[in-house]
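Next input, structure requested:
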Amino acid sequence: MSTVYDVTAWTIPGSSVTCYDDIGAVINSMIADVKAHQTSQSAKPGAVIYIPPGDYPLKTRVTVDISYLTIRGSGHGFTSLSIRYNTSNTSAWYEINPGSSHVTVQNTDGNSEAFIVTRGGDPRLSSVTFENFCLDGMAFTPNENSYTNGKIGIRFDSANDSAHIQNMGFVYLEHALIVKNADALRVTDNFIAECGNCIKLTGSGQASTISNNSIGAGYVGYSIYAESFFGLLVTGNNVFPRGKSSVTLVNCTLSSITSNRFHAFYPGVVNLSGVCTENLISGNHFYRQPETYGPFVGNNNGLDDLFGLVQLNGSNNALIANHFSFNVPSGSITPSGATPTLVLVKSGDGNYLASNHFVANVAVHTVVLDASTTNTHVMDSGTSAQFQAYSTSYGFRATP
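Model (predicted):
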């Protein structure tokens, strides 16, 4: 019995449906076959489901409830659909849709997700991998620029370990990836853009990595969001503008945000929210400018320029050796006439900021300390004129 399945060669028992009719029904049938042939408690090697290059409608949600399953294609196939939507005539284009191993999320069964990974009981699901194919939410009404169509690419809805999402393409989904209660998760080398929300980690988790992705959410959603995570590593990502935030951590501990490029049209680029403790933000490049693309001008995330490009809430966090580039015309700053804040320490004790470099086209406050903060140390992160403290409990050394 082979443990490698090809969606183009599979026949659903008692049905004429093929992968060109509904790839979701085909993959569900394959998973049922794996379970039927791997009944031994001590020998369940899992399987590989292969999606060759081609166009495949997914009308039935796939339920993954076995461990050691890899669903694999031969190309992430991403292409911008927003450019297509905002172009009046595409008749001369070479192509207008994603390609390679291209799955269109149609969901005519009434479910939101293309894939749901879930199982009760023990042990938790382990080593489920999605790699190298495209999940496309397709055109929708009334406003494709919102990226909100109710569709979800992949949802992990129960505790899981060692899941991999790699070399994937996600486009035009309200939520590309939602993962609940994950340990040792790896989300790497994906292209996740033009989605309402890109990566959302919920519940809790530990020892996980989000790395080397190209990411860009819509203005109402998050590019990267994580709650109650311990030891999360966010590194080497190129995050495009227009997301509500590039990274939001809520109640996270001992996590690192390092060596990323954050390009943003709004404040709130990195937000440590709730009670975040002992997290490191280092070696990142922040670039803030106003919206440049006509169809999106006038949209924003609802935050003003006093919120900060980075906002820290919690204690003993470190913001070290980052580069900030701020290039917003004075007439586009909100509230009108305000001096923009680049880093706001909103709450907490013992936060440490050092050796951050700031370049701005207007006068800015590089660091602002809220009145509730205590024992904050700010060194070489702005001049005396650029530093503003509403607290009396801090140490400050100005940039020479």
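
pLDDT below threshold where in the stretch 1-150 of the chain?
Scanning the stretch 1-150 of the chain for pLDDT under 70 picks out the ranges 1.

now the helices: where do they sit in it?
19-37, 82-85 (DSSP state H, counting those that start in this stretch).

In a markdown table, list those helices along with mean neighbour count.
For glycine as for every other residue, the C-beta is placed from the backbone atoms N, C-alpha and C. Conversion of those to a markdown table gives the following (neighbours: other Cβ atoms under 10 Å):
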| stretch | mean neighbour count |
| --- | --- |
| helix 19-37 | 19 |
| helix 82-85 | 16 |
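
how about JSON lines for the ones you listed, with distance to Tyr390 added?
Shown next, in JSON lines, are the helices of the stretch 1-150 of the chain (distance: least, Cβ to Cβ, whole Å):
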{"stretch": "helix 19-37", "distance to Tyr390": "55"}
{"stretch": "helix 82-85", "distance to Tyr390": "41"}
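
hey, what's Ser101 bridged with?
Counting by DSSP bridges, Ser101 is bridged to Gly54.

returning to what we had before: and Ser162, which of the helices of the stretch 1-150 of the chain is closest to it?
Among these, helix 19-37 comes nearest to Ser162, with 18.3 Å by Cβ to Cβ.

count of residues packed around Val297?
Number of residues near Val297 (other Cβ atoms under 10 Å) recorded here: 11.

again, but for Tyr50
19.

does Val368 sit in a helix or strand, and which one?
Take DSSP states H and E as the rule and Val368 turns out to sit in strand 365-369.

what's in contact with that strand?
Here strand 365-369 makes contact (Cβ atoms under 8 Å, 6 or more residues apart in numbering) with 308, 324, 339-345, 353, 356, 358, 376, 378, 381-383, 386-391, 394.

Compute the first-to-last residue distance for stretch 97-110.
Start-to-end span of stretch 97-110 (Cα to Cα, to the nearest Å) is 24 Å.

next one: it to chain centre, how far?
20 Å (Cα atoms, centre = their mean, to the nearest Å).

Could you give me the buried positions within it?
97-107 (16 or more other Cβ atoms under 10 Å).

Equivalent analysis for stretch 116-133, please.
116-119, 124-126, 128-133.

Mind checking which of those are in strands?
116-117, 125-126, 129-131 (DSSP state E).

What distance do you get for Phe396 to Val364?
16 Å (Cβ to Cβ, to the nearest Å).

ok, the two, which is more surrounded?
Val364 (23 against 16).

Could you report the pLDDT at that one?
Note on Val364: pLDDT of 98.

Assess the claim that it and Gln386 are in contact.
Yes: here Val364 reaches Gln386: they are 6.5 Å apart, a contact under Cβ atoms under 8 Å.
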